[in-house]
Every structure is written in structure tokens, then in C-alpha cells.
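>>> Predicted structure and sequence below. I'll ask about it afterward.
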Amino acid sequence: MAESGQTYANHARLFPPFHYFAFPVLFLNLLWSAWQMLRAPSMATAWGVLVAAAILVTLLVSRVMVLAVQDRVIRLEMRLRLREVLPPELHGRISELTRSQLVSLRFASDAELPDLVRLVLSGALKSNKEIKQAVRHWQPDYLRA
């Protein structure tokens, strides 16, 4: 398998329009609105704080919803993939894997998946970090939200 540019060390993804533009601008807007309300308390400035908070919460909730849908798709994809690559004796145990375990296992190559699944199911690999660090042949995932 060819070495990918993605590894455990650099697999976290920042989405620039969200992380570097929308969130900072809306957060600063909330702070500015709160500052204006403190300087000149009124119904209008209080309403401005409330609207600024609502817009920021809407942005954050929309991000959480996108990530939840992404995790559901990954869970489905991994269950199908595991049915193809796991030996028959492990097929019945696929449902024991949690969503977060499946999300972490997606980075593993097909060849190492059976051993990693056994380690996860036995409890030898407990956290997402441990699972990802156990992957030896990283399969990059660039199609993430």
C-alpha cells in the first residue's frame, strides 16, 4: 500500500470557512453585542445580544448535525467493509463495535482490520486514540466534513 500524506499526527481536519471565518466573526459579534449592551443597556441592545447568541448557536448546532450525519455514513460504510474483510467468525460481533470505534477503525487498511477488530472487541484497545495509533498502514480519509 502506498504511503499516504495523512497520518495519525495530521489527520485532524479544520474547515477554514467554519474555523477561521464564520465562527470567529460570529463569536466576535456576540462579544461586541454584549459590550454594547453593557455600555448602553436597553431592550434594543439586549435583543442584539440575544440575536447574536442565536446566530452563533445555529452555526455550532449545524456543525454538530453535519458531523453526526458523517458519523452515521462512516458507521454504515464500515459495517459493509467489515462484512467483506473480516473472517466469518467475527461477522456476528460487528454490531458490538460502537460508533466511535467504527469511526476510528476506518483509517486501517483492509489487511490489518481483522486483528484490530479483535483487539478492540477484547478490550485491548479502549480509546479512539489507542485505536488510531494502532493503525500501521493508514488509509487516508479526505472526504470529511
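Thanks, I have it. Residues are numbered from 1 along each chain as shown.
>>> could you pull out the strands for this protein?
Ranges of strands in the chain, per DSSP state E: none exist.
>>> pLDDT weak spots in it?
For the chain, residues meeting the criterion pLDDT under 70 lie at 1-4.
>>> Output the longest helix belonging to it.
In the chain, ranked by residue count with DSSP state H as the criterion, the top helix is helix 43-85.
>>> Report the distance from that one to the chain centre.
Remark: helix 43-85 is offset 10 Å from the chain centroid, using Cα atoms, centre = their mean, to the nearest Å.
>>> So the residue nearest to the spatial centre of the chain versus Val61, what's the distance?
For the chain, the residue nearest the mean C-alpha position is Leu67 (5.7 Å; Cα atoms, centre = their mean). Remark: distance between Leu67 and Val61 (Cβ to Cβ, to the nearest Å) = 11 Å. C-beta coordinates here come from the backbone N, C-alpha and C atoms, glycine included.
>>> same deal with Val25?
Distance, Val25 to Val61, by Cβ to Cβ: 17 Å.
>>> Compare those two and say which one has the larger neighbour count.
Comparing Val25 with Val61 by neighbour count (other Cβ atoms under 10 Å), the higher total belongs to Val25, at 13 against 10.
>>> In contact with the nearest residue to Pro114 once chain neighbours are set aside, which residues?
Nearest-residue entry for Pro114: Leu86, 5.5 Å, with adjacent residues in sequence omitted and distances by Cβ to Cβ, 6 or more residues apart in numbering. Contacts of Leu86 were listed using Cβ atoms under 8 Å, 6 or more residues apart in numbering, and they are Ile94, Leu113, Pro114, Val117.
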